[in-house]
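Engineer: I'll drop the sequence and a predicted model, then ask my questions.
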Amino acid sequence: MPLENSPRRPIRELPDELISQIAAGEVVERPASVVRELVDNALDAGATQITLRLSAGGVRLIAVEDDGVGIAPEELAIALKRHATSKITNLNDLESVGTMGFRGEALAAINSIADCALISRPAGQPTAFSLSGLTGELSPAARAQGTTVEVKELFFSTPARRKFLKTDATELAHCIEAVRRHALVRPEVGFAIWHDGKLVEQWRASQGETTQTQRNQRLKDVFGDDFITQSVQVEHTQNGIRVTGRAGIPDHARSRADQQFAYVNQRFVRDKVITHAARSAYEDVLHGHRQPVYVLYVEIEPTRVDVNVHPTKIEVRFRDGREVHQAVRHAVENALAAPRAGAAINVESERYQNSSDFRPSNMPLAGVFTASTAINNIANLGQNPSLNSASNFTQNYTQNRTLLPAETHLVSDVSAAWPPQNNTYNSSESTPADDTIWPLGRAVAQLQGIYILAENAQGLVIVDMHAAHERIVYERLKSQINIAESAKSSLPSQPLLIPATFAATPLEVSTAQECADTLLQLGLDITAFSPKTLAVRAVPTTLAKGDAVELARSVLAELALHDASTVIQRAQNEILSTMACHGAVRANRKLTLDEMNALLRQMEETERSDQCNHGRSTWRQISIKELDALFMRGR
Ligand SMILES: Nc1ncnc2c1ncn2[C@@H]1O[C@H](COP(=O)(O)OP(=O)(O)OP(=O)(O)O)[C@@H](O)[C@H]1O
Ligand SMILES: [Mg+2]
């Protein structure tokens, strides 16, 4: 009803209860939100073991039990009050807050929409006390040091909310997910979840010596052993921002973005800057719309991030998002860049030798086996003593080999990159001893003008020669363009005979004007034709045959969203990738063994050479054991 038609109503202060119910509307969407708040509190209280007891998906009961510092009996009632907290006392505290909670609102909000009880025994106290949120009654109780918060009949006073809830099983799944988010970042804390009397999930406190080993152990417990073998360690510090964790290898990407976890100072967040940075780190190696898997822990000076942005604290605001973007992107990029071929050496064969219960009959009988099983054992190098010899081996290999001469090809001279100019290989070196030194082995044949077959210590290596060479040329071009950039030159550009015009949004028009210099650097000349029309007058020479409007639109969209430096990098990479495809050796070209071997050696030392420019694998390993299994040998 419009306000002017209704009688004037007096302005009144809302009752506390209603204020809390309104706050609850923001913070508590479903049982999982209560779980998140209570586990936050238990962690802030220094708990080492947290046990959850749930009933009917958490709607009937959520009880969270911890062994933290506890709450003094006289403070129990205050804890349930609005804006009552022990975690901050002034604005300074808020600006550098290190605890999960600080609003002093969660318990009051939950208490306003459910039947709550607090049972707590602080350290050094002879007994526990229990406070009923409903009646305010305080009575002695029995429990060891720590706190239990019981939340019964969630939304009993706000039935409309209750109607939004899904089945118990779904609500339970959300509750478990909420605990999992905490568990992934606090491996030193044990978690157990009971539902209707059954233990549904348990993660024991991990005992590792360093945070990294503890976290890896927890990641294994939560996602399964494969997670470690299918990911690489991330560890990078830049601009005072530390990024650690693990990034899934491209082969292990998923169709949904459901395994992407990001933390800022131990707080689980959904943050656009981090998500975008991680995604762009995969851009070069991930196929199509596949979603990477990662768990990233960002640590940053608390005053450089504002956590008081969203009531549920799932969003944060960085004082300098660009620095965070760079740090995350570089962290993941560096982790993914190392060619895994160079580290795969001998790991697989050793593993089989060491494994007494190996049964070839368990092997799949057909199909190409993913290289990832072999290559991913790298992740374990150094952790698993039995694999150390393999790791030394790789190290020796890297140290002893002659490095490639500095690349001198010019961008326009891509074709000169074939046959590969590699003086580290020469056929007379091809003694059996060398075969074991080369991770990708010794070329033995070319198949159908498409594949190179090579023999290495583990068995057979199959290489898609065009895809692999395309990546090598691409990586080379990227380093060349970096050189051009430091010389402050721009990409060669070609004017269009007839400018391509298109109806543009006001944002596109203003971006084109603001970023004219950046666009020119990219070889793009885009000017306003009319207030609502843009004209593309020149495009990069290499992309002259493409759709100028589409190119302009995507570059403008990127420019509007992000800082210029990342855009240039991305657009350039796209351009270079197209060039690389033209420059790479075509299928059906007959190669000599020397040429094939030279390509394998280049792959071993080229960053990201395990994936082609479109994110597909460039090589696969089939071990002798797998071949034996194919032929039922050794039964
Ligand atoms: N499990 C617990 N162990 C010890 N003290 C607790 C526990 N849960 C709550 N408290 C105390 O109760 C206070 C109120 O908790 P509440 O969750 O409402 O607010 P908060 O954690 O301070 O802030 P936020 O609203 O951001 O969560 C806390 O500041 C803390 O002192
Ligand atoms: Mg809290």
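Structural biologist: Cool, got the structure. Ligands and ions are numbered 1, 2, ... in the order given.
Engineer: quick one, what contacts the residue nearest the centre of the chain?
Structural biologist: In the chain, the residue lying closest to the centroid (Cα atoms, centre = their mean) is residue 294, at 2.8 Å. Residues counted as contacts of residue 294 (Cβ atoms under 8 Å, 6 or more residues apart in numbering) are 231, 234, 245-248, 259-262, 278, 332. (Glycine included, C-beta is placed from N, CA and C.)
Engineer: Filter those residues down to just the ones in strands.
Structural biologist: Using DSSP state E, 231, 234, 245-248, 260-262 are the members of those that sit in strands.
Engineer: Kindly tell me how buried residue 590 is, as a neighbour count.
Structural biologist: Neighbourhood size, residue 590 [other Cβ atoms under 10 Å]: 7.
Engineer: Report the buried residues of the biggest helix by length in the chain.
Structural biologist: In the chain, taking DSSP state H as the definition, the longest helix is helix 465-486. By neighbour count on 16 or more other Cβ atoms under 10 Å, the buried set for helix 465-486 is 465-478, 480-481.
Engineer: for the residues you listed, which one is nearest residue 72?
Structural biologist: The closest of the buried residues of helix 465-486 to residue 72 turns out to be residue 478 (Cβ to Cβ; 61.5 Å).
Engineer: how near is the residue nearest to that closest one when sequence neighbours are not counted to ligand 1?
Structural biologist: Nearest residue to residue 478 in three dimensions, chain neighbours excluded: residue 576, at 5.8 Å (Cβ to Cβ, 6 or more residues apart in numbering). From residue 576 across to ligand 1, the span is 48 Å (Cβ to the nearest ligand atom, to the nearest Å).
Engineer: And for residue 60?
Structural biologist: Taking Cβ to the nearest ligand atom, one finds residue 60 at 21 Å from ligand 1.
Engineer: Contacts only, for residue 312.
Structural biologist: 26-27, 33, 36.
Engineer: For stretch 19-33, what does the pLDDT average out to?
Structural biologist: Throughout stretch 19-33, pLDDT has a mean value of 90.
Engineer: Need phi/psi at the residue of the chain found nearest ligand 2.
Structural biologist: Going by Cβ to the ion, ligand 2 is nearest to residue 101 of the chain, at 2.9 Å. Reported as degrees, to the nearest 10, the phi and psi values for residue 101 are phi -100, psi 160.
Engineer: Just the pLDDT for it.
Structural biologist: pLDDT at residue 101 comes out at 95.
Engineer: Also residue 435?
Structural biologist: So, for residue 435, pLDDT stands at 51.
Engineer: pretty sure residue 22 belongs to a helix, no?
Structural biologist: Yes: the assignment for residue 22, made by DSSP: H, G, I helix; E, B strand; the rest coil, places it in a helix.
Engineer: From residue 38, how far off is the residue of the chain most remote from its centre?
Structural biologist: Most distant from the centre of the chain: residue 7, at 55.5 Å, with distances by Cα atoms, centre = their mean. Using Cβ to Cβ, to the nearest Å, residue 7 is found at 44 Å from residue 38.
Engineer: Settle this for me: residue 627 is touching residue 460, isn't it.
Structural biologist: Yes: look at residue 627 against residue 460 with Cβ atoms under 8 Å: they come within range, at 6.6 Å.
Engineer: Tell me who's in contact with residue 335.
Structural biologist: 232-236, 247.
Engineer: Tell me the residues of this structure that contact ligand 2?
Structural biologist: Residues of the chain lying near ligand 2 by Cβ under 5 Å from the ion: 41, 101, 106.
Engineer: swap the cut-off to 6 Å and go again
Structural biologist: 37, 40-41, 101, 106 (Cβ under 6 Å from the ion).
Engineer: Mind checking which of the residues you listed land in helices?
Structural biologist: 37, 40-41, 106.
Engineer: Contacting ligand 1 as well, which ones from these?
Structural biologist: 37, 40-41, 106 (Cβ under 6 Å from any ligand atom).
Engineer: now the residues you listed in TSV, with pLDDT and neighbour count?
Structural biologist: Shown next, in TSV, are those (pLDDT from 0 to 100; neighbours: other Cβ atoms under 10 Å):
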residue	pLDDT	neighbour count
37	97	26
40	97	19
41	97	24
106	95	26
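Engineer: Name every strand pairing with whichever helix or strand comes after the longest helix of the chain and say which way it goes.
Structural biologist: Next helix or strand after helix 465-486 toward the C-terminus (DSSP states H and E): strand 493-503. Partners of strand 493-503 in the sheet, by DSSP bridges, are strand 533-540 (antiparallel).
Engineer: Quick check: mean pLDDT of the strand it pairs with?
Structural biologist: Per-residue scores along strand 533-540 average to 91.
Engineer: quick check, distance from it to the centre of its chain.
Structural biologist: 36 Å (Cα atoms, centre = their mean, to the nearest Å).
Engineer: list the buried ones in it?
Structural biologist: Buried-residue list, strand 533-540, by 16+ other Cβ under 10 Å: 534-540.
Engineer: backbone phi and psi for residue 298, please?
Structural biologist: Taking degrees, to the nearest 10 as the convention, residue 298 sits at phi -100, psi 130.
Engineer: Against residue 237, how distant is it?
Structural biologist: 11 Å.
Engineer: Common neighbours of the two, please.
Structural biologist: The contact sets of residue 298 and residue 237 overlap at 243, 327 (Cβ under 8 Å, 6+ apart).
Engineer: more neighbours, these two?
Structural biologist: residue 298 (27 against 13).
Engineer: Name whatever forms a beta bridge with the more buried one.
Structural biologist: The partner residues for residue 298, given DSSP bridges, come to residue 243, residue 264.
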